[in-house]
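Q: coordinates only, sequence not included:
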């Protein structure tokens, strides 16, 4: 299948270094981006998606999404939330561990089995087209260095610290380091406790532990103090995760610190949902709008924090528009009736853009988002296709 995107008004790269690509067309062959340029030829293509002067961007990656099994969250008793998140422009999510599983095991055999099972399940199941990077092992006191080597050999790539049964987080430092030594990327909870039985993680814990990623550094939901945030940003190279279900004031403060330190390549965005905050299909794009309108971040830099920087830090292929990369793409524009003229202007003033197409691996999974406002300029497909399941049926 050869798919041509034509009449692109703005092509967003997904990278902090060069957020916009000077091109008006893009060719996808099967599931990969094949060619980017100006007036890429339309000969011998099977399908044309006319962007109508709107924006084409890489699909968003939610770096902190609380999946369990299937497209179901027991925390909110909600079914189909991942398919709905795709209509918010999210084409991939990363699990911080299937921690909301009822009766989640805490013995070594059970912890390892849960991680491997989730990794296997999510590697083959794509609800609504969504790619789920699942099976993040929850670090518990019973785990040994050999346990981390064992699950790493089974394909488990991520770990989460902060929900294990530790009376003092410092008791788990060695296991964090053992996981890292096994090649596993460790995200650490930061700030106050989020669920019964968990413990607060302080600035001192993070500085001594040195995980790879400070999970929800703006609070999940309770943030660290300003001095602690400043020290982490200025004196470490840790990845800094900002989430929708956190403290907005702290997120704005962290952005200011990041810009002062020149640390833009360390920021990733996530929703940290579903949790007590609920399910939020627009959680990531809402965070982009908030940081763009309230913290003065260029919208396409903020978009890169939810795409290309996630890809780099977590070792994913998705998130960047470049030849040979997976064709996970979103068409978006200013919402119908907005004072802005395009998606960039909408985000800069805090408006949620309208999404009119979402593709995963070159396959169209949504036309006319059922969750965003209607796009002022809407993508059209030729030859015409039926609306994918779940798409909105009206402008």
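A: Noted; the coordinates are in hand. What you see is a predicted model; the values in this text were computed from it and never measured.
Q: And for the nearest residue to residue 10 once chain neighbours are set aside, the neighbour number?
A: Excluding its sequence neighbours, the residue lying closest to residue 10 (Cβ to Cβ, 6 or more residues apart in numbering) is residue 55, at 4.4 Å. C-beta coordinates here come from the backbone N, C-alpha and C atoms, glycine included. Residue 55 has 27 neighbours, counted by other Cβ atoms under 10 Å.
Q: In a strand, residue 91, correct?
A: Yes - with DSSP: H, G, I helix; E, B strand; the rest coil as the criterion, residue 91 is part of a strand.
Q: mind listing what the residue nearest to residue 111 when sequence neighbours are not counted touches?
A: Distances taken as Cβ to Cβ, 6+ apart place residue 140 nearest to residue 111, at 5.3 Å, with adjacent residues excluded. Each residue near residue 140 by Cβ atoms under 8 Å, 6 or more residues apart in numbering is listed here: 106, 108, 111, 164-165.
Q: let's go with 6 Å and repeat that
A: Neighbour list for residue 140: 106, 111, 164 [criterion: Cβ atoms under 6 Å, 6 or more residues apart in numbering].
Q: same check, this time on residue 141
A: The contact partners of residue 141, by Cβ under 6 Å, 6+ apart, come to residue 165.
Q: Check residue 130 too.
A: Residue 130 is in contact with 82, 86, counting by Cβ under 6 Å, 6+ apart.
Q: Tell me where the stretch 201-350 of the chain has helices.
A: Along the stretch 201-350 of the chain, counting by DSSP state H, counting those that start in this stretch, helices occupy 203-209, 226-235, 248-261, 283-294, 299-305, 308-314, 343-348.
Q: Can you give me the buried ones in the first one?
A: Of the residues in helix 203-209, those buried by neighbour count under the rule 16 or more other Cβ atoms under 10 Å are 203, 205-206, 209.
Q: for these, which one is nearest residue 12?
A: residue 206 (31.8 Å; Cβ to Cβ).
Q: Can you give me the neighbour number for the residue nearest to residue 167 when sequence neighbours are not counted?
A: The shortest distance from residue 167 to any non-neighbouring residue, by Cβ to Cβ, 6+ apart, is to residue 199 (7.8 Å). By other Cβ under 10 Å, the residues close to residue 199 number 18.
Q: Please give the element, helix or strand, for residue 199.
A: Residue 199 is part of no helix or strand, with elements assigned from DSSP states H and E.
Q: and the gap between it and residue 273?
A: Using Cβ to Cβ, to the nearest Å, we find residue 199 at a distance of 22 Å from residue 273.
Q: Same check on residue 136?
A: According to Cβ to Cβ, residue 136 and residue 273 sit 16 Å apart.
Q: can you check residue 162 too?
A: Residue 162 is 17 Å from residue 273, by Cβ to Cβ.
Q: Looking at these two, which one has more neighbours?
A: Using other Cβ under 10 Å, the more surrounded residue of residue 162 and residue 273 is residue 162, with 29 against 26.
Q: ok now do the more buried one, which residues does it touch?
A: 188-189, 201.
Q: where's the nearest residue to it once chain neighbours are set aside relative to residue 44, distance?
A: Spatial nearest neighbour of residue 162, excluding adjacent residues (Cβ to Cβ, 6+ apart): residue 189 at 2.6 Å. From residue 189 across to residue 44, the span is 52 Å (Cβ to Cβ).
Q: Quick check on these two: which one has the bigger neighbour count.
A: Taking neighbours as other Cβ under 10 Å, residue 189 and residue 44 compare with residue 189 leading, 26 against 7.
Q: and the helices of the stretch 201-350 of the chain, which is most packed in?
A: Mean neighbours per residue, mean count of other Cβ atoms under 10 Å, is largest over these for helix 299-305, with a mean of 28.
Q: I'd say residue 172 and residue 160 touch.
A: No - assessed by Cβ atoms under 6 Å, residue 172 is found out of contact with residue 160, at 11.3 Å.
Q: Quick one: list the elements packing against the longest helix along the chain.
A: The longest helix of the chain (DSSP state H) is helix 108-124. Identification of packing neighbours for helix 108-124 by 3 or more Cβ pairs under 6 Å, 6 or more residues apart in numbering; DSSP states H and E yields helix 145-153.
Q: Centre of the chain to the helix it packs on, how far?
A: Offset of helix 145-153 from its chain centre (Cα atoms, centre = their mean, to the nearest Å): 26 Å.
Q: quick revisit: against residue 156, how distant is the residue nearest to residue 111?
A: The gap separating residue 140 from residue 156 is 14 Å, by Cβ to Cβ.
Q: what's near enough to touch the residue most central in space within the chain?
A: The chain has residue 62 as the residue nearest its centroid, 1.8 Å off, counting by Cα atoms, centre = their mean. By Cβ under 6 Å, 6+ apart, residue 62 lies in contact with 90, 93, 270-271, 284.
Q: Next: residue 164.
A: Residues 139-140 are the ones in contact with residue 164 under the rule Cβ under 6 Å, 6+ apart.
Q: give me the number of residues near the nearest residue to residue 181 once chain neighbours are set aside?
A: Closest residue to residue 181 apart from its sequence neighbours, by Cβ to Cβ, 6+ apart: residue 145 at 6.9 Å. Using other Cβ under 10 Å, residue 145 is surrounded by 14 other residues.
Q: and residue 145, how far is that from residue 151?
A: In terms of Cβ to Cβ, residue 145 sits 12 Å off from residue 151.
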